[in-house]
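Participant: Prediction below, plus the sequence it came from.
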Amino acid sequence: RNTSTPYWKTVSIGFTNKLKEGVPMNFKDLNTVALDKDLPEAQKAEWNAIYASYRSRSILTGTVIGMDMVPMAAGEGQTDDSERVIINCLVIIAHRVKVLIPEQEMWFDDESKRPAHVLRSMVGANLDYVITGIDRLGECCLASRRTAMEVRRRQYTAKKPRKGDVVDVRVLAAGRTRLLVEYMGYDVSMVQRDLSYAMLPDLRRQYHPGATLKAKYNGYSADSKTPLLSVKESEPHPFIGADIRHPAGCRRGSVITGKYKGGVFCKLENNLDVLCTYAQNQFDGDFHIDDQVIIAIVKHDYGRNMIYGKIVAKW
């Protein structure tokens, strides 16, 4: 196919078999006034927003409730011999109308090779989208997130934040070691060093699709073609004042959050870890992540913003 023409511009709708003989297939030929006149106000409002998005390419926002595998006709017409393919589609239902966002309309071309599990893990995410097709009698619509992202990117270009500004980002998907967030039409992949000063062995325990996070804007990367964002830098470094809150020689109740090269990370407070060692009579196999322990603060490293300690006992 000609890659200069987006494939989904030529996908016919055909969501359902509910269209009756003699009823217009083309949305422009439907009498929407007659179809909507007896609807409750909430449904009228839902359809009016859909019509507006379809006609003016205005952005709607909704929450992903799941994923459907939908057979669609990959051609201009809806004849019996049309080629049909099975497409993964994210599902959004604001009130009653099912909105389907095909996988091919989720990402830009340079991002289209994202693993399928990313799409499956996006339940709960809030997405911007633009309606591209309407099956009014079937109460179903096609939508494009990519089109909405283009609009958001133009808004970003017109008015970029200043370096150092704190902005809101939306969590799209969470994996064990990576978090996918969206900011102004850009999908940004973040790892622990972007998110927290503390050890986070599994990001899925703290971050979930649909959450909104504060992030510090550090400019735009021409290499990755995405904004540079840091969630952890949106707040003061937790090491500041830690020598007063937790002076050397004190003992604190803590929780093991991770292990690294023989050391054990123990959490004192939000985003503040102590890198601990074991006592000579202790064995690594006796200590596990999430174990509660008593630790003794040994020293503060002001050059590295690190606190060092020793595990005294299990709590």
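Facilitator: On my side now, so go ahead.
Participant: can we go C-alpha only for contacts and neighbour counts from here?
Facilitator: Fine.
Participant: Run through the strands of the stretch 151-300 of the chain in chain order.
Facilitator: In the stretch 151-300 of the chain, the strands defined using DSSP state E, counting those that start in this stretch lie at 166-174, 179-183, 186-190, 212-221, 226-230, 251-260, 263-269, 272-277, 292-301.
Participant: Any buried residues in stretch 153-166, and which?
Facilitator: Of the residues in stretch 153-166, those buried under the neighbour-count criterion (16 or more other C-alpha atoms under 10 Å) are R153, Y156, V166.
Participant: Of the strands of the stretch 151-300 of the chain, which is nearest R57?
Facilitator: Counting by C-alpha to C-alpha, R57 lies closest to strand 186-190 out of the strands of the stretch 151-300 of the chain; the figure is 18.6 Å.
Participant: How many residues are close by L275?
Facilitator: L275 is surrounded by 22 other residues when neighbours are defined as other C-alpha atoms under 10 Å.
Participant: Can you tell me who it pairs with across the strands?
Facilitator: When bridges are called by DSSP bridges, L275 pairs up with F265, Y308.
Participant: Hmm, Y308 and it touching each other?
Facilitator: Yes. When contacts are counted by C-alpha atoms under 8 Å, L275 is listed as touching Y308 (4.9 Å).
Participant: most residues in a single strand of the chain, which one?
Facilitator: Longest among the strand segments of the chain by residue count, using DSSP state E, is strand 60-73.
Participant: buried stuff in stretch 243-258?
Facilitator: Neighbour counts using 16+ other C-alpha under 10 Å place H246, P247, A248, R251, R252, S254, V255, I256, T257, G258 of stretch 243-258 among the buried residues.
Participant: dump the residue contacts of the closest residue to D194 other than its chain neighbours.
Facilitator: Closest residue in space to D194, ignoring its immediate chain neighbours: S230 at 4.9 Å, by C-alpha to C-alpha, 6 or more residues apart in numbering. Taking C-alpha atoms under 8 Å, 6 or more residues apart in numbering, we find S230 in contact with D194, L195, A215, K216, Y217, N218.
Participant: I'd like those as JSON lines, with neighbour count appended.
Facilitator: Converted to JSON lines, the contacts of S230 look like this (neighbours: other C-alpha atoms under 10 Å):
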{"residue": "D194", "neighbour count": "18"}
{"residue": "L195", "neighbour count": "23"}
{"residue": "A215", "neighbour count": "23"}
{"residue": "K216", "neighbour count": "22"}
{"residue": "Y217", "neighbour count": "22"}
{"residue": "N218", "neighbour count": "17"}
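Participant: can I get the buried residues of stretch 153-166 in TSV with distance to G138?
Facilitator: Below are the buried residues of stretch 153-166 laid out as TSV (distance: C-alpha to C-alpha, whole Å):
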residue	distance to G138
R153	33
Y156	36
V166	43
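Participant: before we move on, the earlier item: which members of the contacts of S230 are the farthest-apart pair?
Facilitator: Farthest pair in the contacts of S230 (C-alpha to C-alpha) is L195 and N218. Separation: 13.8 Å.
Participant: How many residues are close by V181?
Facilitator: By other C-alpha under 10 Å, the residues close to V181 number 23.
Participant: hang on, it packs against M190?
Facilitator: Yes. The criterion here is C-alpha under 8 Å, and V181 meets it with M190 at 7.5 Å.
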